[in-house]
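Q: I'll drop the sequence and a predicted model, then ask my questions.
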Amino acid sequence: GGIAEQGPTVSVEDIAARVGVARTRIYRHFTDRADLERAISARVARRVVAELEPVWHPQGSARQMIAGAIGSYVRWIGDNRNLFLYLHAHARPDDDPHDLDAVSGVRRAVAEHLAKLFGGYLGWLGLDAAVSADLGYAVVGMVESVADRWAAGGGTDPDVVIERLGQWTWAMLAETLAGVGITLDPDMPLPSLG
């Protein structure tokens, strides 16, 4: 819709025109603009969660899982930059961080999920749970900040940034494992933990 084209500057009139109703009628369904923005953010956030499916259910080897998760996130941001900016522009300080309707909630959900995923696999390999959770958050922070910068710069070839982030993620993972005497073949299929 209009948000995807205009991002955070979209007006209520633009939204009304897009859905074919009068502005006053839109406000009959919502208490005010903030309420309307919350409803739109909720819908966008649900879409993000659905489109990041490979992040929630990874398969294959460590390298494939990393590429799948990072690829989904980077491509989503590249394809939906204005929606992403809209979510950020309308996130409120009082949003519940565990509420997937808020942009912070989506990001927190991705981070917490990856931290659990790292925890599950690294625990299976014998690594301390606190270390693996921190590593999960470190990876998410790196991926988010690099993907944001990439998309803000026009978001040319996503494969380049996805491959680079995948290499750095694997390097962090391999180094952490090596520190406790564990070697993992990045191309070895891993069992499903779910």
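A: Done, it's in. Numbers count the residues shown, from 1 in each chain.

Q: May I ask which helix or strand encompasses the residue nearest to residue 58 when sequence neighbours are not counted?
A: When the adjacent residues along the chain are set aside, residue 58 lies closest to residue 65, with 3.9 Å between them (Cβ to Cβ, 6 or more residues apart in numbering). Every residue, glycine included, has its C-beta placed from N, CA and C. In the assignment (DSSP states H and E), residue 65 maps to helix 62-79.

Q: quick check, residue 113 in a helix?
A: Yes: assessed with DSSP: H, G, I helix; E, B strand; the rest coil, residue 113 lies in a helix.

Q: re the thing from before, how about the contacts made by the residue nearest to residue 58?
A: 58-59, 117, 190 (Cβ atoms under 8 Å, 6 or more residues apart in numbering).

Q: And for residue 129, the neighbour number?
A: Number of residues near residue 129 (other Cβ atoms under 10 Å) recorded here: 13.

Q: returning to what we had before: looking only at pLDDT, what's the mean for the helix holding residue 65?
A: This predicted structure assigns helix 62-79 an average pLDDT of 84.

Q: got the buried residues for that helix?
A: Neighbour counts using 16 or more other Cβ atoms under 10 Å place 62-78 of helix 62-79 among the buried residues.

Q: which non-adjacent residue is nearest residue 138?
A: residue 172 (6.6 Å).

Q: what's the helix or strand hosting that neighbour packed up against?
A: Take DSSP H and E as the rule and residue 172 turns out to sit in helix 158-178. Helix 158-178 is packed against helix 62-79, helix 103-125, helix 129-152, with contacts defined by 3 or more Cβ pairs under 8 Å, 6 or more residues apart in numbering; DSSP states H and E.

Q: any chance of these in CSV, plus distance to residue 34?
A: CSV is the format used below for these (distance: least, Cβ to Cβ, whole Å):
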stretch, distance to residue 34
helix 62-79, 25
helix 103-125, 15
helix 129-152, 25
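
Q: Relative to residue 30, which of the ones you listed is closest?
A: Each of the helices and strands packed on helix 158-178 was scored for nearness to residue 30 using Cβ to Cβ, and the closest is helix 103-125 (19.0 Å).

Q: what's around the closest residue to residue 188 other than its chain neighbours, how many residues?
A: Computed as Cβ to Cβ, 6+ apart, the closest residue to residue 188 that is not its neighbour in sequence is residue 61, at 5.6 Å. By other Cβ under 10 Å, the residues close to residue 61 number 16.

Q: My guess is residue 61 contacts residue 190. True?
A: Yes: the pair residue 61 and residue 190 qualifies as a contact (Cβ atoms under 8 Å) at a distance of 6.3 Å.

Q: how many neighbours does the residue nearest to residue 70 when sequence neighbours are not counted have?
A: Nearest in space to residue 70, with sequence neighbours left out and distances taken as Cβ to Cβ, 6+ apart, is residue 165 at 4.9 Å. For residue 165, the count of nearby residues is 23 (other Cβ under 10 Å).

Q: Alright, that wraps it up for me.
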